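> for reference, the sequence and a predicted model appear below.
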Number of protein chains: 2
Amino acid sequence: MPTLFMIPAALGAAPWQATLPAVARAEIHRIEYFVVENAKSARAELKRLDHPIPLQQLRIAEMPRDMDIAACRHLLEAAAPADRTGVLSEAGCPGVADPGALLARAAHEMGWQVRPLVGPSSILLALMASGLDGQHFAFHGYLPVDEGARRHKLLELEAQSRRERRTQLFIETPYRNRKMFDALIAACAPDSLLCVAADLTMASEFVRTQTIAAWRKSDAPDLDKRPAIFALLAQARSRTAR
Amino acid sequence: MPTLFMIPAALGAAPWQATLPAVARAEIHRIEYFVVENAKSARAELKRLDHPIPLQQLRIAEMPRDMDIAACRHLLEAAAPADRTGVLSEAGCPGVADPGALLARAAHEMGWQVRPLVGPSSILLALMASGLDGQHFAFHGYLPVDEGARRHKLLELEAQSRRERRTQLFIETPYRNRKMFDALIAACAPDSLLCVAADLTMASEFVRTQTIAAWRKSDAPDLDKRPAIFALLAQARSRTAR
């Protein structure tokens, strides 16, 4: 049965031994056809993984922007006669806060096997290190850029977190991280817990969780040009998380 | 600075090379004090990872049930004079659908560094392989066991998924998987997409996504005693996922 491999890419500068199990790398070494978010980054990633086949001999197809399920089928049909196809996004896990999900969906429709490989996801790593509630959580992608709309969204997420005892995770483009941080400490309740995680898996990794009140008294973290994840948990009446 | 390592454990029978990057294993090899969900499983996991220190010489403390933040501090203070402490849950990532989050929270309060290691998470792997929307998703843990309450919850999650274009993930204890599957295909709309993922990272791995209508016509997957994740995505009016 043809198999589609969902391949996590490094989150930043790190040797492959820090981000992928050896077995996952060996699986990738046996793939010759890749559908990728960006061909240049994919080549760099495959080089980082010491792919044994010369890069020029690999077939690397870029996902078109706004591709529909028909375009996905077309890309997968182009795999023939190879029976192993890989999906690579820019950083982290394809299909999770990154393109690639629709390729997996097309593969399911075509009766292919879809195999996810173990690797880095900034969302998961941030949640694990945050100390916030991991029994119930939601990832919201990017929040509105407009200041008023963002504040409104943050208050809505905080209220929902309090009500449903759920950790809320979201991201921002690196150059707007500071604005997001400032909006968070301005809008949220003093006893809400905020985790800021940046440069995960890298030597410069930073993860810190404290209350909004404590963040207000600390220096703001340096988030300039660093990929970051924010996680927010409002306090319930009683603390029962384990 | 003392460091708390959040250590993902294997999801089932698999060599460590299939589940952990070599660098993560090397980090674990330098830890001599572990706070764990279950001492017996933790010893088996550390043996699987060929921990270089004889198991009897490692310090392994079990997390008490319903531990509060004071108990967590106490467990972490016991780390002294070691500056590296590891947290291990039964399977997958500590703190994510598993105990351990409160230890990380206590570590943050004590000014420790918290470092998440890359490794397997059934939630993330299921989402990646599902082909469902990974731009917005929520994990809901266990749903109600009572038949009526479960049906009500499934309909609520489906409506929310349709409204917010969000993938809903949840789990069930293995012996109730079949009941959950039957409840899903009975309650949900024919065009909703359901992903069933079982035995992730194992040789018997199974991941399949199709509409409820298609599941009704197929044989039910064999989920007996297999750890499984369910992911549900209701169809919106127009398909815009990428």
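Everything's here; your move. Everything numeric in this text was worked out from a predicted model, so none of it was measured.
> could you use CA atoms for every contact and neighbour count after this?
OK.
> in the longest helix belonging to chain A, what counts as buried?
Taking DSSP state H as the criterion, chain A has its longest helix at helix A:147-164. Buried residues in helix A:147-164, counted by 16 or more other Cα atoms under 10 Å in any protein chain shown: A:Arg150, A:Arg151, A:Leu154, A:Leu155, A:Leu157, A:Glu158, A:Ala159, A:Gln160, A:Ser161, A:Arg162.
> just give the closest residue to A:Arg150, not the sequence neighbours.
A:Pro144 (4.9 Å; Cα to Cα, 6 or more residues apart in numbering or on different chains).
> so where's chain A shaky on pLDDT?
A:237-242 (pLDDT under 70).
> and the helices in it?
Using DSSP H, helices in chain A cover A:16-19, A:22-29, A:39-48, A:69-77, A:101-109, A:122-130, A:147-164, A:177-187, A:212-217.
> what is the orientation angle of the longest helix of chain A with helix A:177-187?
60 degrees (axes from the mean of the first three to the mean of the last three Cα atoms, to 10 degrees).
> for helix A:147-164, packing partners?
For helix A:147-164, the packing partners by 3 or more Cα pairs under 8 Å, 6 or more residues apart in numbering or on different chains; DSSP states H and E come out as strand A:167-171, helix A:177-187, strand A:228-233.
> for that helix, C-alpha coordinates in PDB please.
C-alpha atoms of helix A:147-164 as PDB (Å, rounded to 0.1, in the frame of the first residue of the first chain):
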ATOM      1  CA  GLU A 147      -5.300  45.900  18.800                       C
ATOM      2  CA  GLY A 148      -9.000  46.100  19.900                       C
ATOM      3  CA  ALA A 149      -9.900  42.700  18.300                       C
ATOM      4  CA  ARG A 150      -6.900  41.100  19.800                       C
ATOM      5  CA  ARG A 151      -7.700  42.300  23.300                       C
ATOM      6  CA  HIS A 152     -11.300  41.100  22.800                       C
ATOM      7  CA  LYS A 153     -10.100  37.700  21.700                       C
ATOM      8  CA  LEU A 154      -7.600  37.400  24.700                       C
ATOM      9  CA  LEU A 155     -10.400  38.200  27.100                       C
ATOM     10  CA  GLU A 156     -12.700  35.700  25.400                       C
ATOM     11  CA  LEU A 157     -10.000  33.000  25.600                       C
ATOM     12  CA  GLU A 158      -9.300  33.800  29.300                       C
ATOM     13  CA  ALA A 159     -13.000  33.600  30.200                       C
ATOM     14  CA  GLN A 160     -13.300  30.300  28.300                       C
ATOM     15  CA  SER A 161     -10.200  29.000  30.100                       C
ATOM     16  CA  ARG A 162     -11.600  29.800  33.500                       C
ATOM     17  CA  ARG A 163     -15.000  28.300  32.600                       C
ATOM     18  CA  GLU A 164     -13.700  25.100  31.100                       C
END
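> how far does that helix sit from the chain's center?
21 Å (Cα atoms, centre = their mean, to the nearest Å).
> residues in contact with that helix?
Helix A:147-164 is contacted by residues A:143-144, A:166-168, A:183-184, A:187-188, A:232-236 when judged by Cα atoms under 8 Å, 6 or more residues apart in numbering or on different chains.
> ok, now stretch A:177-196?
A:130, A:132, A:150-151, A:154-155, A:158, A:172, A:206-216, A:222-224, A:228-235.
> adding distance to B:Gly12, write the buried residues of helix A:147-164 out as TSV.
As requested, those are arranged in TSV below (distance: Cα to Cα, whole Å):
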residue	distance to B:Gly12
A:Arg150	42
A:Arg151	43
A:Leu154	38
A:Leu155	40
A:Leu157	35
A:Glu158	36
A:Ala159	38
A:Gln160	35
A:Ser161	32
A:Arg162	35
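> that older thread, quick one: the longest helix of chain A to strand A:167-171, angle?
Going by the same axes, to 10 degrees, helix A:147-164 makes 150 degrees with strand A:167-171.
> between strand A:228-233 and helix A:147-164, find me the angle.
50 degrees.
> closest to B:Ala197 out of the buried residues of helix A:147-164?
A:Ser161 (27.4 Å; Cα to Cα).
> which residues touch A:Ala213?
Contacts of A:Ala213 (Cα under 8 Å, 6+ apart): A:Ile185, A:Ala189, A:Pro190, A:Asp191.
> go again using 7 Å as the cut-off
A:Pro190, A:Asp191 (Cα atoms under 7 Å, 6 or more residues apart in numbering or on different chains).
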